[in-house]
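Trainee: missing the sequence, but the structure's below:
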DNA sequence: ATAGGGTTAG
């Protein structure tokens, strides 16, 4: 039961525990920099409040100090403005993503001003807590809400469901949605939207589409947001054509794609090399009156950068300078990463310096890209130097930075140093994730340190991490390379029981293991077996098997499998070709 | 009258 999970901390204690902003940051400034002079308006209460409301609603309010000035002015009014006005202002502070400040202001409303928060105010607090990854505190506010006798609304639950999704707790999110319905609330389009987004984010797009249909059966009309969410999920899952189909379906229902829809689809198309279609879509959106914004253009820049098409990226940047307020930190970071991936560290460094000179501060992503670049060309000293520099600049390396550096040490043949970093990163507040584990295990295996890898693997298995097939494949590959075929086969056989879906990479690793040991019947059995299990061998699978056959000079089977490969449209790779060329009967 | 959903970089 979900409600059992609600810790009943009081709101007061909760807010007391929250970080608060320093008083100086919301002191009344002697002059107001907005178009309207609030000091003057202050004499006229109604004018002032109306002006505040207009500023909030028109979106003209886009500066946190302005918002804090307004709050301060409101707080010193007598009598105090209503909770409604305060909450309106809070909403805008939230829109500016100043969650900690918003929570601190709710606290002030309550403790210093003696204003009783209502459901709306508490929903703002819950939303902020969820954004700060403090969902448990969000639930305690829900508890408080019950205690104070306020009815939570669908908004309250939807906010919490979103928090659970972001935290990666999909099962609990669905449970809360069910529970909410049992309490007599009805999920609305936004509730479904949040759940659908959660499903997409964990790559479960087919279920997301299922929920879309379920929602339609219950007579909720999906809107452009729900459709765009799923389209983005499909694109990120590589199902770009399905996303385009869904866009068509949406259009037939009379819902027009908007800027976000186009951005998602263009990214999907670019990402899979469908440049021409991306271009037509860009054309279509502009012809129908939707101009690409900075974010859309950044998507294009990044896609070109990833393909190494720097010239095209630069021409998009040219367009961006004319039509949008760019380039921004995303644009520069895409360029930096592109140069790093092409081992052009001088160019990458130049862009890094350029962004500094243009008052666009490099962030943790910029630093991590450069660190990755230096690691890639095996200059671990430069990488370490940048790591230091970034810490000096006030950035806390996150799990991606650590993983990059750990990979760097593996790259230069120092897997034990990498392991030290892996074991010590938690002292700096960072917990390894599944990618970190994959990098270090692979590094140890490739460095011929299988027993080191296995003992670490055992420790990782005992942790809370949900190990995936990639991790097991790395270990299997390590075992096979070290000639421990029996151990590998034993582990391989356990995978289904662990609920893991064996994929083409895993099968290929085992087939390669058998082939390299000359156990060609075992390899062939597995090749047939995988196909029967619905996992299609790819070009690599056939190549490693044929290489085994070539070594053993199994002429009949060599011909059989090379023919099979040709029929399936696969070709011999460099190694296979060389073996064929040098084949002596 | 005030609150909740979708898109960009390592």
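Mentor: All right, it came through fine. Bear in mind that the values here come from a model prediction, so they are computed numbers and not experimental data.

Trainee: burial check on residue A:513, number of neighbours?
Mentor: Residues contacting residue A:513 under the criterion other C-beta atoms under 10 Å number 26. Heads up, the C-betas are built off the backbone N, CA and C, glycines and all.

Trainee: what does the one 4 residues further on give?
Mentor: Summarising burial for residue A:517: neighbours were counted as other C-beta under 10 Å, giving 14.

Trainee: without its sequence neighbours, what residue ends up closest to it?
Mentor: residue A:485 (5.8 Å; C-beta to C-beta, 6 or more residues apart in numbering).

Trainee: how about the contacts made by the one you found?
Mentor: Neighbouring residues of residue A:485 by C-beta atoms under 8 Å, 6 or more residues apart in numbering: A:479, A:513-514, A:517, A:519.

Trainee: for residue A:135, same thing?
Mentor: Contacts for residue A:135 were tallied using C-beta under 8 Å, 6+ apart; they are A:129, A:160, A:163-164, A:166-167.

Trainee: from the residues you listed, which has minimum pLDDT?
Mentor: Ranked by pLDDT, these bottom out at residue A:167 (91).

Trainee: that one touches residue A:131, doesn't it?
Mentor: No - with contacts counted by C-beta atoms under 8 Å, residue A:167 stays clear of residue A:131, the gap being 11.2 Å.

Trainee: looking at those two, which is more packed in?
Mentor: More crowded of residue A:167 and residue A:131, by other C-beta under 10 Å: residue A:131, with 20 against 16.

Trainee: what number of residues lie near the residue nearest to that one when sequence neighbours are not counted?
Mentor: Distances taken as C-beta to C-beta, 6+ apart place residue A:99 nearest to residue A:131, at 4.8 Å, with adjacent residues excluded. Look at residue A:99: counted by other C-beta under 10 Å, it has 20 neighbours.

Trainee: can you pull the pLDDT of residue A:99?
Mentor: pLDDT, residue A:99: 95.

Trainee: output the set of residues of the stretch 301-450 of chain A in proximity to DNA strand B.
Mentor: A:302, A:306, A:329-330, A:333-334, A:337, A:363-366, A:368-369, A:372, A:398, A:400-401, A:404 (C-beta under 7 Å from any atom of the strand).

Trainee: so which of those residues belong to helices?
Mentor: A:302, A:306, A:329-330, A:333-334, A:337, A:364-366, A:368-369, A:372, A:400-401, A:404 (DSSP state H).

Trainee: show me what stretch A:375-386 is in contact with.
Mentor: By C-beta under 8 Å, 6+ apart, stretch A:375-386 touches A:340-341, A:343, A:345, A:367, A:370-371, A:374, A:404-405, A:407-409, A:411-412, A:414.

Trainee: what do you get if the cut-off is 10 Å, keeping everything else the same?
Mentor: A:340-345, A:349, A:352, A:366-374, A:387, A:401, A:404-414, A:417 (C-beta atoms under 10 Å, 6 or more residues apart in numbering).

Trainee: check stretch A:318-332 too.
Mentor: A:291-302, A:305, A:313, A:316-317, A:333-335, A:351-352, A:354-356, A:358, A:360-363, A:365-366, A:369.

Trainee: could you check how far it is from the centre of its chain?
Mentor: 23 Å (C-alpha atoms, centre = their mean, to the nearest Å).

Trainee: in it, which residues are buried?
Mentor: If you call a residue buried by 16 or more other C-beta atoms under 10 Å, then stretch A:318-332 has these buried ones: A:320, A:324, A:326-332.

Trainee: now swap in stretch A:572-585 and tell me
Mentor: A:572, A:576, A:579.

Trainee: list the contacts of the residue nearest in space to the middle of chain A.
Mentor: Residue closest to the average C-alpha location in chain A (C-alpha atoms, centre = their mean): residue A:201, at 7.7 Å. By C-beta under 10 Å, 6+ apart, the contact list for residue A:201 reads A:165-166, A:168, A:170, A:208, A:229, A:232-233, A:236.

Trainee: pLDDT at it, what is it?
Mentor: 95.

Trainee: buried residues, whichever strand or helix holds residue A:245. List them.
Mentor: Taking DSSP states H and E as the criterion, residue A:245 maps to helix A:240-252. Neighbour-count burial for helix A:240-252, counted by 16+ other C-beta under 10 Å, picks out A:240, A:242-244, A:246-247, A:250.

Trainee: next secondary structure after that helix?
Mentor: Following helix A:240-252 in sequence, per DSSP H and E, is helix A:259-271.

Trainee: packing partners for that following helix?
Mentor: For helix A:259-271, the packing partners by 3 or more C-beta pairs under 10 Å, 6 or more residues apart in numbering; DSSP states H and E come out as helix A:224-236, helix A:240-252, helix A:275-287, helix A:294-306.

Trainee: now do the contacts for residue A:486.
Mentor: With C-beta under 10 Å, 6+ apart, residue A:486 has these contacts: residue A:479.

Trainee: ok, for residue A:186, nearest residue in space, not its chain neighbours?
Mentor: Closest to residue A:186 by C-beta to C-beta, 6+ apart is residue A:154, at 7.1 Å.

Trainee: report the separation between the one you found and residue A:531.
Mentor: Going from residue A:154 to residue A:531 by C-beta to C-beta, to the nearest Å gives 49 Å.

Trainee: ok, now residue A:454?
Mentor: For residue A:454, the distance to residue A:531 - C-beta to C-beta - is 31 Å.

Trainee: neighbour count: the two, which is higher?
Mentor: Per other C-beta under 10 Å, whichever of residue A:454 and residue A:531 has more neighbours is residue A:454, with 19 against 13.

Trainee: check which helix or strand residue A:576 maps to.
Mentor: Under the assignment here (DSSP H and E), residue A:576 is part of helix A:574-581.

Trainee: what packs against that helix?
Mentor: Checking 3+ C-beta pairs under 10 Å, 6+ apart, helix A:574-581 ends up next to helix A:539-551, helix A:555-567.

Trainee: distance from that helix to the middle of the chain?
Mentor: 41 Å.

Trainee: please enumerate the helices of the stretch 301-450 of chain A.
Mentor: Applying DSSP state H, counting those that start in this stretch to the stretch 301-450 of chain A gives helices spanning A:310-323, A:329-341, A:345-357, A:364-376, A:380-392, A:399-411, A:415-424, A:434-446, A:450-462.

Trainee: domain boundaries for chain A, per the record?
Mentor: A:1-152, A:188-292, A:301-360, A:363-467 (automatic domain parsing).

Trainee: distance to residue A:584 added to these, as CSV?
Mentor: Output for the domains of chain A, formatted as CSV (distance: least, C-beta to C-beta, whole Å):
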stretch, distance to residue A:584
domain A:1-152, 64
domain A:188-292, 41
domain A:301-360, 39
domain A:363-467, 31
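
Trainee: ranking those by mean pLDDT, which is last?
Mentor: domain A:1-152 (a mean of 76).

Trainee: please report the distance of residue A:399 from residue A:431.
Mentor: Using C-beta to C-beta, residue A:399 is found at 7 Å from residue A:431.

Trainee: likewise for residue A:564?
Mentor: Counting by C-beta to C-beta - residue A:564 and residue A:431 are separated by 46 Å.

Trainee: then residue A:144?
Mentor: 30 Å.
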